[in-house]
Structure formats: structure tokens, C-alpha cells
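> Build the 3D model from these lines:
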Amino acid sequence: MQNLNIVVLAAGQGKRMYSDLPKVLHKIGNKTLLEHVIQTAQRLCPTRVVIVYGHGGEQVKSHINNIFADNEFVWAYQEQQLGTGHALKCALPHLTPNGATLVLYGDVPLIDIESLTEMLMKYDGSNIVMLTAMFDNPFGYGRIIRNNESQIIGIVEERDTSQGEKFIKEVNTGFYILPNGRLTDWVNNLSNDNSQGEYYITDLIAMAYNEGIDIDYIEAKHHHTTMGVNNKLQLEYLERMFQESCAKILLNSGITLIDKKRIDIRGEVNAGRDCVIDINCIFEGRVVLGNRVKIGAGSILKNVIVDDDTEIKPYSIIEDAQINKSCVIGPFSRIRPQTVINQQAHVGNFVEIKNSVIGCGSKVNHLTYIGDADIGNAVNIGAGSVTCNYDGKNKHKTIIGDNVFVGSGTMLVAPVNLGEGGVIGAGSTITKNTEPHELSVARAKQITVFGWLKRRR
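Predicted structure coming up:
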């Protein structure tokens, strides 16, 4: 649609959230409520987006401008929150004289693009298009008032309904497309003569009807898409709705989920064929899974690439890393940023790896810390070994050649280079480079002090 203005009302405080954070900056799926709304708005390719802000305004502006750095939003300040009609009035100076305005809400994060697109298709250049819904229990919502010909003639807010109007199940969701050519007159003629003493957008509908303006509508297909967030209970409910929709997308793409209700997507997941994800896994940022990848229960992946035929065993945490083909990770492994695990490598339980490269076929299976290291191919790191990479001021690198065997309980004091094919005796503390294809042992001499214990006692 040409010359589409979108106004996002995002000035509310959210007192019932009991939080110092502005309501629209609370999160669903690790994105703020307002981010969800703006991303949906952008998909409609509007001429401009006007965001009406108020409570915590500078914090809201700073966050959104940081997330959407390349976009030029228009910010309209609502100093006093005097109702939705007053909020729209704050946006008026920034709207184009012609075209239409779509009204969205910064605390209604799951409004669906399909409903908005359908509304735009019904807009003819001069009419009003509303999004309505049918609720068995309409308490709290404004009711749609129709005449004997079933035409919409107005909206009555919950607090102002008569006894008979309370039984109307068709409700107003608050989403409208309004013609800009009439909008200024309508908004300037709003009255606050109601139980709340506020200016309601809803009163525009009766004004338009009285002027002979056609009022069209579509009905929302899913209630949660029109629900706003006013408290933490509603926030949690919409989080679950969002996660279930993400799970359905994964299932439809061919991923096997053991339980679609026990998965959290806080970013983007792309996967190949025959991937299986067990329960209670969390995905953040951008996660790419190859073919036949298995993710064990309770695992957390953030900004990770996992190649074909790799298995992530339960309760592993992987962040900003690349796991190549046919690897086995976990259980209880932690792979930290800037780590590359090459094909057929094994990383086992209670192993932490950071800023390191693990070569093809190498094994780091038990109770080990690897940091700032380059480990070659077919290397075995024994249980309880540590790369001692930090001297209190600087980080240093450990380099381990191909086919090295590091015995259990070894301390590798960086910077150090272990020569290809060498063997490090268990319990060694290695402070110097080792020779290729040789055994290196560095242990304190074991002695027995006879009589010492008896004298102490």
C-alpha cells in the first residue's frame, strides 16, 4: 500500500508489571515487546513509522535506536498519558496529509502480519477498517455496537457499557486503519466526557459513522494475537504462545521435537534433515544445525553452527562456537566463544573450552579446561588436565601438535608448545616446550618422611 503511516502507541508505564523497566521493554522470546511490534510493522513497508513514547522515554528510544540502527523512526512524545486518542493526537504532526494510518500497540507483541495484511486489502482509500474479535467472556474489552443492518456504528468501553451491552461478545481489539484526510478533524473533536476522563480512539468510530464513512472490519483468528501485556501473568502466557508458534514452525520444517511445549526459541533456528531436539533446550541468537544433528535434553545453544551427524549430549552449553561434522559434545560440556571443534572430535563431561581449536579426531573427555589453545589432530587430553593460560595479567597460548597424548592431571603452563607425537606423563607440570615423539615427565620427587606423622600426633 502506498503512503502507509504506522503509529505505534508505546507510552504506557505498566504499573501492574511492578517493575522499573518500561512496559514495552519487557521481553518475549528474548526480544522486547516493542521490537516484536516494530518488526511486524516493517514487513508492511510503511512510508513512515511514528512511535509515541512517554514513560521511561529516553530508555525506550535508546534501546530501539540501538536495535534498529539503520532505521529512521519518528518519535512523538506524550508527556501525560491521557488516553489512546490523546496519544494519537501527539502523532498527528508527523503524519502525511494523505494516505492512511495503521494504529498498533507497543504492548501487543504478537499481532500477526496476516490480519494486518487483510485489513490493508479492505481499505479503499476513504473507509475505516477495524480488527474485531469474538470472546465468550468479553469482560474488560470495548464492545462493538451494530445497528439493525449489522453495520458497525460505534464502540463502547467496558466501564461505560449498559447492562445489555455487557453481553455483547464482539469486541474491539484496538487495531484500525484510518484515512489521514479526516483524521485530524476527528482527533481534535474527541471528548474526555467518560468514566475515565480520557480521550478514546474508539470514539472516532461513531464520528465516522455519523459522517457517512464506511466502517469495515475483519475478525481476528487467534485471541493471543490481539492480547496486550499488562502484568507478568499475561507476559508469561504470551511467551508460551510465542514459543508454541516457534515450535510449530520447526516441526513443519521437518525437525523432530520430543515435546513442542518444552523448548525455548530466543532467536533463529535453521536446520537440515532428520534433526532431533530433546526437551528443555534453549536456542538463542542464530543457530544453524546440519543434517542428522541430535541435541540432548537441557542443552543451551547461542550463536552456534553444528555440522552434520554431530550429537550434543544433555546439559551442554555452547556459545559463539562452531562444531564440525560427526562430533560428540557432552554431557555437561561448556563450549565458550571463539571455539572451533573439528570433525570427529569428542568433548566430554565437565570439560570447558574457550577460544581454542580442537583438531580432527581429538578427544578431551573428562574434567578438563582448555583455554587459548590450538590442539592438533588425534590428540588425547587426559582427565583433569588444564591449560594454565593466565598469569594474572596476560593470556598465553598453548600449542599441541598432532598425535600427542597428554596424561591425566597434567598442568600445561602457557606459553608452551608440545611437539608432535609426544607423550606427557600423568601428573606432570609442563613449563617448557616438549620434544616431538618423546616422553616428557615433570613431577616433583616423591619422598616418605618417616616418623613425621607420629611426631605431629
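
> Which strands or helices does the helix or strand that A76 is a member of pack on?
Using DSSP states H and E, A76 maps to strand 74-77. Strand 74-77 sits against strand 48-53, helix 84-91, with contacts defined as 3 or more CB pairs under 8 Å, 6 or more residues apart in numbering; DSSP states H and E. Heads up, the C-betas are built off the backbone N, CA and C, glycines and all.

> Check what contacts the last one and list those residues.
Which is helix 84-91. Here helix 84-91 makes contact (CB atoms under 8 Å, 6 or more residues apart in numbering) with 7, 9, 11, 50, 52, 76-78, 80-81, 101, 103, 174, 183, 187-188, 190, 198-204.

> which residues make contact with whichever helix or strand comes after it from outside it?
Beyond helix 84-91 on the C-terminal side, the first helix or strand identified by DSSP H and E is strand 100-105. The contact list for strand 100-105 (CB under 8 Å, 6+ apart) reads 1, 3-10, 37, 40-41, 44, 46, 88, 91, 95, 111, 116, 119-120, 123, 125, 174-180, 183, 201, 228.

> what about the strands in the stretch 1-150 of the chain?
Taking DSSP state E, counting those that start in this stretch, the strands of the stretch 1-150 of the chain run over residues 4-10, 27-28, 31-32, 48-53, 74-77, 100-105, 128-134, 143-146.

> got the contact list for the nearest residue in space to I51 that is not next to it in sequence?
Take I51 and drop its neighbours on the chain: the residue closest to it by CB to CB, 6 or more residues apart in numbering is V8, 4.8 Å away. Residues near V8 by CB under 8 Å, 6+ apart: 34, 37-38, 41, 49-52, 104-106.

> measure V8 to P337 for me?
Distance of V8 to P337, computed by CB to CB, to the nearest Å: 35 Å.

> S428 now?
Remark: distance between S428 and P337 (CB to CB) = 29 Å.

> Out of the helices and strands packed on strand 74-77, which is closest to I300?
For the helices and strands packed on strand 74-77, proximity to I300 was assessed by CB to CB; strand 48-53 is nearest, at 32.9 Å.

> Check which helices and strands the closest one sits against.
Applying 3+ CB pairs under 8 Å, 6+ apart, we find strand 48-53 packed against strand 4-10, helix 33-42, helix 57-67, strand 74-77, helix 84-91.

> For S428 and P337, indicate the residue with more neighbours.
Neighbour count, other CB atoms under 10 Å: between S428 and P337, S428 has more, with 20 against 12.

> tally of neighbours for the closest residue to V276 other than its chain neighbours?
Leaving out its chain neighbours, the residue that sits closest to V276 by CB to CB, 6+ apart is T256, at 4.5 Å. As a burial measure, T256 scores 13 neighbours (other CB under 10 Å).

> ditto for the one 5 residues further on
For K261, the neighbour count with other CB under 10 Å is 10.

> Would you check how far apart the nearest residue to it once chain neighbours are set aside and R143 are?
Using CB to CB, 6+ apart and skipping residues adjacent in sequence, the residue nearest K261 is E244, 6.8 Å away. E244 sits 29 Å away from R143, taking CB to CB as the criterion.

> Look at these two and report which has more neighbours.
The neighbour count for E244 versus R143, taken as other CB under 10 Å, is higher for R143 (25 against 14).

> Tell me, what's the model's pLDDT at that one?
At R143, the predicted lDDT confidence score is 96.

> my guess is it meets G154, correct?
No - look at R143 against G154 with CB atoms under 8 Å: they stay out of range, at 9.3 Å.

> ok, G407 to G384 distance?
Taking CB to CB as the measure, G407 falls 10 Å from G384.

> Deepest-packed of the helices and strands packed on strand 48-53, please.
Mean neighbours per residue, mean count of other CB atoms under 10 Å, is largest over the helices and strands packed on strand 48-53 for strand 4-10, with a mean of 27.

> angle of that one against helix 84-91?
With axes from the mean of the first three to the mean of the last three CA atoms, to 10 degrees as the basis, strand 4-10 and helix 84-91 are set at 120 degrees to each other.

> Within the sheet, what are the partner strands of strand 4-10, with directions?
strand 48-53 (parallel), strand 100-105 (parallel) (DSSP bridges).

> export these to JSON lines and tack on mean neighbour count and distance to I305?
Converted to JSON lines, the strands paired with strand 4-10 look like this (neighbours: other CB atoms under 10 Å; distance: least, CB to CB, whole Å):
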{"stretch": "strand 48-53", "mean neighbour count": "24", "distance to I305": "33"}
{"stretch": "strand 100-105", "mean neighbour count": "24", "distance to I305": "35"}
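
> separation between the residue nearest to V276 and S299?
15 Å.

> related to what we said a few turns ago, of the helices and strands packed on strand 48-53, which is nearest T434?
Taking CB to CB, helix 57-67 is the member of the helices and strands packed on strand 48-53 nearest to T434, at 48.7 Å.

> Report the contact partners of N355.
N355 sits next to 336-339, 371-372 when contact means CB under 8 Å, 6+ apart.

> Show me those that map onto helices.
Nothing among the contacts of N355 maps onto helices, per DSSP state H.
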